[in-house]
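Colleague: Got a sequence here, can you model it:
(chains A, B, C and D)
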Amino acid sequence: MSAADLSPFNSPFAAGTAGPSVRAVKDPFHGDLLEVSMGPQHPSTHGVFRMVVTLDGEIIVKLKPVFGYLHRNHEKIAENTSYLGSMPYTDRLDYLCSMTTNWAYALAVEKLAGQAVPDRAQYLRIIMAELTRLVNHSCLVGFLFNDLGTSFTPLLYAFREREKILDLFESLTGSRMMCNYQRFGGCRVDPTPEWLAAASRLVDNFPRFLDEYETMLTGNEIMLARTQGVGVLDAAKAVNAGITGPCLRASGYNYDVRKVDGYGFYPRFDFRVPLGAHGDTYDRYMMRVLEMRESVKILQQAFRDLPAGPIMDPKSKLRGFRPKAGEAYGRTESPKGELGFFLVSDGSPNPYRYRVRPPTLINLTLLEDMCLGHTIADSVVILGSIDIVLGEVDR
Amino acid sequence: MITLTFIALVTLAAAAVAMSQRNLIHSALLLVASWAGIAGFYLWAGAEFVAFAQILVYVGAVSMVVLFAVLLTRRSHAELAIAPASVKRILAAIVAGGAVLGALFGAVLSTPLASAAAPPPAISVKALGAQLLGRHTASVLLIAVLLTVALLGAVVIASTNSKEDAP
Amino acid sequence: MNSSGLSLLSAHLPVAAAADGLLERLPLTLRDTFVQWFPAPTQWLLHHLISIVGILAIFGLFFAFTTVAERKLLGRLQNRLGPNRAGVPKFSFLPFHLKHKLFGLTQPFADAVKALTKEDIVPAAADKLLHFLAPVLVVAFSLLTFAVLPFGRNLIPVELDAALLYFFAAGSATELTIFMAGWASRNKYSLLSAMRALAQVISYELPLLLSVIPVVLVAGTLSTQEIVVAQGFWTFGLLPHWFIFTPWGAAGFLLFLVAALAESNRSPFDLPEAESELIAGHLTEYSGFKYALFFMAEYFGLTALSGLGVTLFLGGWQAPCAFLQFIPSYLWFMGKLVGMIVFFIWVRGTLLRLRIDQLTRLSWQFLVPLALINLGNAAFWALTGAWSGPLQIVRWAVSAALIVVPFVLMGRSLTRGQAPRTYRYAT
Amino acid sequence: MLGSGIIKGLAVTAKNFVGSYHDPARMVTEQYPEERPKLPEAYRNFPFLVTENATDPMGTLRCVACQICEKECPPQCIYIEKSKDKKPDATGKPQLYPAVFAIDTSVCMSCQICVEVCPFDAIKMDQVFEVAATNRFTGLLLNREQLAKPNSYFHQIHPTDAHEVDTRLAAERKAAEEKAKAAAAAKAAAAAAKPATPAPATATPAAPKPAAQPPTPPTA
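Modeller: Numbers count the residues shown, from 1 in each chain, chains lettered A, B, ... in the order given. Below you'll find the model as predicted:
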């Protein structure tokens, strides 16, 4: 019963499945199908996310993701707040990587207003973005192994490293996860030399943690058995569905916004983009690990030749910021994929239209295609490998 | 003698209650209790090896088979409602029961049993093993082949089942 | 009777002298003095009552401290401190109040109080009788298995001729209770996971038994006490003749470990309670003291199985070296038991969980064939007992090859096409 | 060979187990209630109003109720009511002061935008994170008196930031005083010049004032 011929299969049960969490579903082919609702309070769905899974025995026959529990009307609120006012809200979109979201929003506004950014600020933005990539990827890898069943050990090793980076963010911006660090035309705080020294020391021995992680888990037979060949996503389907980020590169399609757009000073740095071959959960996991190693390389180069100079463009205005009418789309490579902000301005201090392209929501669309034919235990691992954060999915 | 009657009572009571239960799972579990009662007999008779084998095989494995069978057979409600009250059915039950009892008592009375229960010979497991693979090797091998065939049969039935299913 | 190992210089040290050291006979003298005060006919009953009370007390506390040891060890494995907040409460009759937190060692008593005071919710649709009976039976059966474990030189609760068979008979009855728990809670999740738990326990019953039979074959007896005595020799007074130090014994011990992990639903095989799938498996509808009973039964099962492992492969209460025999034998047994449990906790802190089909495939396609080959290997070992001199080396080599070669071949076929991959980079 | 990955994994956890006893980089647990957390200087939680000295907090409030922070605050959790009368501030110039200044800390997300946009350095970020209240309205709705904290406290929690703000304010005050002195001197000179020319005033009543009043630059 291969997954391919099952996907067009539509069980004759009503679309609305708000019924009791578990219902027996009559079906001519497979006898009793079992419809199980996993979430929104389920220990393994990352945040309030619900999967209505129809099971034939152990095999998933149909999977309907249900989300929106964390919808906070972010885009409508942004239309009634000043451009600066929305900046702290962008921290709460993808609460694991606030710096990259800040940068994406600042990039879009700077495109809209034609704002220049000094060199030191560009370097600082790259440093913060790559540190956030380390934070996010180590977080994901930790959670993925937690879904695979270890009792929190890899998660706590990953969190131990993540905490050290978050302490750096806290000593610089004042808050560990809600940094609110970028402004239109540069950064808010200039890091002190001690901070830079501590950061480069941390980055230098980050690979030691990665090596320990890889020896512990990458060669683990159970890990290979549980993830290789699970949740395969071929490149063509991924591209059609608009998947971006490590999930796309795991399927072997070379698309990294840092290389494609070359925004910020990324062209000045030499780093490589790892590509997978099979597009299964194991490749997605390895993409994150290899990207962490690349980020360490970028950070070392950035610390080496960080220029002196102002961190804020003198012409940038803090209040009464009225960009001329027009629209702009700024996109960056957030750790989850291509994060974009589409702004339409009508000359007033509030944006006329404020739209976020959430990479996690779009990566989530193919969850069913990846899970068909696998068991419940796999669906949890596949969901973990896509790396969703409900703040960004529901906005 | 007291322990013998006590064990007999327990086993028979479990079997009787099992018969009268409406809930199929309860009756299955009480059946397992009666098997444990039979193991009690062996223990009383001093044959520890057979008693533990009985528990291991019946209480451990066969009970699982029974319970799985009870769970997986899809019984629609129509079959359950057997009309107990019809007179013809009760007469047939009495006749069948009487015949079985008669045969049993006949067999028990006719066999010349030594009256005094001779102390059971304390046979060690080692001697039992030697006996099994000494004089009775043929029967042991026969049983082994029978069980293997049964096991392979089950595997074959289970596996082909899912293949036919694919549309 | 014993035909194992290099018996070139098996120094038969004065075993008898160490056997009746004061400490060695302490528990026995205590019991006999206590039994004297009672009339003769009831003495055998009292004899057994004391051993029952002894087992319950010692292994009750052992269970309590295994839970806290597990949480502290897991903590240390994960670079954090385990529980260290449960101090000693302020007793009115004590003049002082001990401020020190005793490194969290009073945590199990706090857990016990919590488990006792928690409300015991029974779902309305549940089958009341079975729901109550399941935890009671699971603890009863897992305690039954302690009757045949030889804790010391003459500290064995029940001297049975077919002890091993009794151990597995009592152990296999726990499957019944898993089913009862799953069925009685009337909850789809519990029933689903009760089925999976049964599939797992049944498919690992076979490798467990098959990994034990070589020991019976070589030792020639089913009685645990005689098996330990069979391992009671030392070459040059230093190398113990434990069964683990023979090729088939090492393979058997590894098989036993994997099967014991699966039998007691622990780490790589803790499928029923996999949080990532079915909440708490067949224990979802249990709370309060009944949940604590299931928890306790799991640990008793784990202790019993590692006790059996120690008895069969690690020489039970035998001392590792001849001159160490002055230390009482029950301390050796406890030491090895703690070692085994620490290994189980260490495995729990590291390994990932297997999926249900991988788990059953591992048992049927890998462990059972290997166990059968190991049985043949042990037969070869038993038959070639009389070889001596250079033939010994040949015997060891053949025995080792007999088990390692199939292990490598089957291992490669089990993980065909699964290897850490190398990745290309885009420019 | 099957199992080698698992053995390597076990070795790594063992290394961590041993490491957690001696390697500070591995054992990172902080026993919170006993060991107070070492907060970095830039740490920010809820805002507070800076007053010049602790003795008379309401008198020496830096805030002049310009309501910029009220407008700029994204979740709109600041509420200000201007005072009717004016009060001389530190530089002596009569300024308004907030009759009511309330922050609803249950809404505030401590994003410190109010600190950035405040032209008078009147509002700064506090470092109190142990906030527990039994009532959402009286407990978390902080009024002017609860928010006001002296400048010395500001020096205590954000030393470099406070030092930089103080030097800037001192420079401004000095500039304001010179201006005031210059204005007073100019007024005195103008007064001295006026008495010298009253005698012939009747003939040329509209004599233009000889020294034009130097325009007083706005203080802010």
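Colleague: Strands of the chain, start to end?
Modeller: Assuming you mean chain A. Secondary structure of chain A (DSSP state E): strands located at A:22-25, A:33-38, A:50-56, A:59-66, A:182-183, A:186-187, A:273-275, A:326-334, A:337-345, A:353-357.
Colleague: meant chain D actually
Modeller: When secondary structure is read from DSSP E, chain D shows strands at D:47-51, D:78-82, D:87-88, D:94-95, D:98-104, D:123-125, D:141-142, D:148-150.
Colleague: any chance of those strands in CSV, plus mean neighbour count and mean pLDDT?
Modeller: Just so you know, the C-beta spots here come from the backbone N, C-alpha and C atoms, and that holds for glycine as well. Below are the strands of chain D laid out as CSV (neighbours: other Cβ atoms under 10 Å in any protein chain shown; pLDDT from 0 to 100):
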stretch, mean neighbour count, mean pLDDT
strand D:47-51, 23, 92
strand D:78-82, 17, 92
strand D:87-88, 12, 82
strand D:94-95, 15, 85
strand D:98-104, 19, 92
strand D:123-125, 23, 93
strand D:141-142, 20, 90
strand D:148-150, 19, 91
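Colleague: And those strands: which comes nearest chain C?
Modeller: Using Cβ to the nearest Cβ as the criterion, the shortest distance between chain C and the strands of chain D is 30.8 Å, found for strand D:123-125.
Colleague: Now do that closest one: which elements does it pack against?
Modeller: strand D:47-51, helix D:113-117 (3 or more Cβ pairs under 8 Å, 6 or more residues apart in numbering or on different chains; DSSP states H and E).
Colleague: Pipe those into JSON lines and attach distance to residue C:103 per row.
Modeller: Shown next, in JSON lines, are the helices and strands packed on strand D:123-125 (distance: least, Cβ to Cβ, whole Å):
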{"stretch": "strand D:47-51", "distance to residue C:103": "41"}
{"stretch": "helix D:113-117", "distance to residue C:103": "45"}
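Colleague: among those, which is nearest residue B:10?
Modeller: strand D:47-51 (77.6 Å; Cβ to Cβ).
Colleague: Can you flag the weakest of the strands of chain A by average pLDDT?
Modeller: The stretch with the lowest average pLDDT out of these is strand A:22-25, scoring a mean of 60.
Colleague: which residue sits closest to residue D:5, ignoring its sequence neighbours?
Modeller: When the adjacent residues along the chain are set aside, residue D:5 lies closest to residue A:219, with 3.8 Å between them (Cβ to Cβ, 6 or more residues apart in numbering or on different chains).
Colleague: quick one: contacts for the one you found?
Modeller: Applying Cβ atoms under 8 Å, 6 or more residues apart in numbering or on different chains to residue A:219 gives the contacts C:420, D:4, D:5, D:8.
Colleague: Nearest to the spatial middle of chain B, which residue is it?
Modeller: When chain B is reduced to its mean C-alpha position, the closest residue under Cα atoms, centre = their mean turns out to be residue B:35, at 6.1 Å.
Colleague: and that one, that one's in a helix?
Modeller: Yes. Read with DSSP: H, G, I helix; E, B strand; the rest coil, residue B:35 is one of the residues of a helix.
Colleague: ok, it to residue C:143 distance?
Modeller: Note on residue B:35: its distance to residue C:143, by Cβ to Cβ, to the nearest Å, is 21 Å.
Colleague: In ChimeraX, select just the buried ones from the contacts of residue A:219.
Modeller: Here is the ChimeraX command that selects only those of the contacts of residue A:219 that count as buried (16 or more other Cβ atoms under 10 Å in any protein chain shown):
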select /D:5,8
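Colleague: Flag the shaky bits of the stretch 1-150 of chain C, pLDDT-wise.
Modeller: When the per-residue scores of the stretch 1-150 of chain C are filtered using pLDDT under 70, the ranges that remain are C:1-20.
Colleague: okay, and the helix or strand of chain D with the least pLDDT?
Modeller: Here the helix or strand of chain D ranked lowest by mean pLDDT, DSSP states H and E is strand D:87-88, holding a mean of 82.
Colleague: residue ranges with poor pLDDT in chain B?
Modeller: By pLDDT under 70, the weakly predicted segments of chain B are B:74-85, B:113-122, B:160-167.
Colleague: Looking at it, which helix is longest?
Modeller: If each helix of chain B is counted by residues according to DSSP state H, the longest one is helix B:137-165.
Colleague: Can you give the distance of that helix from its chain's centre?
Modeller: Averaging C-alpha coordinates over helix B:137-165 and over its chain gives two centres that are 20 Å apart (Cα atoms, centre = their mean, to the nearest Å).
Colleague: now the angle from that helix to strand A:50-56?
Modeller: For the pair helix B:137-165 and strand A:50-56, the angle between their directions (axes from the mean of the first three to the mean of the last three Cα atoms, to 10 degrees) equals 120 degrees.
Colleague: Indicate whether helix B:137-165 makes contact with chain C.
Modeller: No. In this structure, helix B:137-165 remains apart from chain C according to Cβ under 8 Å from any Cβ of the partner chain; the gap is never smaller than 9.3 Å.
Colleague: Tell me which other helices or strands that helix touches.
Modeller: Under the contact rule (3+ Cβ pairs under 8 Å, 6+ apart), helix B:137-165 is not packed against any helix or strand.
Colleague: Show me which residues of stretch A:93-110 are buried.
Modeller: Neighbour counts using 16+ other Cβ under 10 Å place A:93-94, A:96-110 of stretch A:93-110 among the buried residues.
Colleague: I meant stretch A:365-377, not that one.
Modeller: By 16+ other Cβ under 10 Å, the buried positions in stretch A:365-377 come out as A:366, A:367, A:368, A:369, A:370, A:371, A:372, A:373, A:374, A:375, A:376, A:377.
Colleague: Once you drop chain neighbours, what's closest to the first one?
Modeller: So the one you mean is residue A:366. Skipping the residues right next to it in sequence, residue A:366 comes nearest to residue A:241 by Cβ to Cβ, 6+ apart, at 5.1 Å.
Colleague: Pull the number of nearby residues for the one you found.
Modeller: Around residue A:241 there are 17 other residues, counting by other Cβ atoms under 10 Å in any protein chain shown.
Colleague: quick one, what contacts the closest residue to chain A within chain C?
Modeller: Closest contact between chain C and chain A, by Cβ to the nearest Cβ, is at residue C:353 (2.6 Å). With contacts defined as Cβ under 8 Å, 6+ apart, the neighbours of residue C:353 are A:148-150, A:222, A:226, A:377, C:267-271, C:274, C:276.
Colleague: ok, and the closest non-adjacent residue to the closest residue to chain C within chain B?
Modeller: The minimum distance from chain B to chain C, using Cβ to the nearest Cβ, falls at residue B:60 (3.0 Å). Residue nearest to residue B:60 in three dimensions, not counting chain neighbours: residue C:172, with 3.0 Å by Cβ to Cβ, 6+ apart.
Colleague: Could you double-check that residue C:168 lies in contact with residue C:209?
Modeller: Yes. Counting by Cβ atoms under 8 Å, residue C:168 does reach residue C:209; the two are 6.2 Å apart.
Colleague: so what does the helix or strand where residue C:341 lies touch, helix or strand wise?
Modeller: Residue C:341 is located in helix C:329-348, with elements delineated by DSSP states H and E. Other helices and strands packing on helix C:329-348, by 3+ Cβ pairs under 8 Å, 6+ apart, are helix C:43-77, helix C:247-263, helix C:288-313, helix D:4-22.
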